[in-house]
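Student: 3D, please:
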Amino acid sequence: MNKKLLYIGLVVAAISGGSSVADEKKQTRGEERLAKIEEKYQPTGKIRHCVSLRSLRDSRIIDEQTIFFHGRGKRAYMNRLPHRCPRLAVEERFSYQTTTGQLCRAEIITVIDSMGSAWSSCSLGKFEEWEKKPKAEKDEQN
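Tutor: Modelled structure (predicted):
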C-alpha cells in the first residue's frame, strides 16, 4: 500500500514539474512577443473603453491575458484582460460578435481552436493606446 502511494506521489511530482517548465516556456514566449512590440511601439498613456473596428488591422496574442491590436496608421492598442483566458496563448485565435462597429471593454471574446471549436470565453479589458516609435528612436536602439 505504501509503495503505491509513493509511486503515485512520484508520478504527480513528475507531472507537476513538467508543467512548470511548460509554463516557463509560455511566459518566455509572451515576453519575447512583448519585446518585439516594444521595439516598434510605445504607450501613449491614453486609455480607451472602445475602439472602432475600422481602425483595427489585426491582433497579436501576447499571453493568456494580453492582446495587442495593430491599428491603421501609427496607432495600436494593448488590451490586458481582467483575468487569464485559458488556451488563448496556445490557440492564438479568437472570435467576437458586436453590433456597434466597435470593440469595447467587457466585450466577450471566445477562444477558437484550429478546427473551429470554441474553448473559453473571456471579457476584454480597457484599450491602452500605443503609437509607432519615431524612426530615429528605433534606429538608436539597434
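Student: Leaving out sequence neighbours, find the closest residue to K132.
Tutor: Nearest non-adjacent residue to K132, counting by Cβ to Cβ, 6 or more residues apart in numbering: K74, 4.3 Å away. Every C-beta, even on glycine, is put in place using the N, C-alpha and C of the backbone.
Student: so what pLDDT did that neighbour get?
Tutor: At K74, the model reports a pLDDT of 93.
Student: K3 too?
Tutor: Confidence score, pLDDT, at K3: 40.
Student: Please renumber the chain so that the first residue is 773 from this point on.
Tutor: With 773 as the first residue, the last one maps to K775.
Student: which residues of this protein score low on pLDDT?
Tutor: The chain contains residues with pLDDT under 70 at 773-799, 908-914.
Student: so where do the helices sit in it?
Tutor: 774-812, 860-863, 907-913 (DSSP state H).
Student: Identify the residues contacting the residue nearest the centre of the chain.
Tutor: Taking Cα atoms, centre = their mean, the centroid of the chain lies closest to T838, which sits 3.1 Å from it. The neighbours of T838, taking Cβ atoms under 8 Å, 6 or more residues apart in numbering as the test, are G802, L806, M850, N851, R852, L853.
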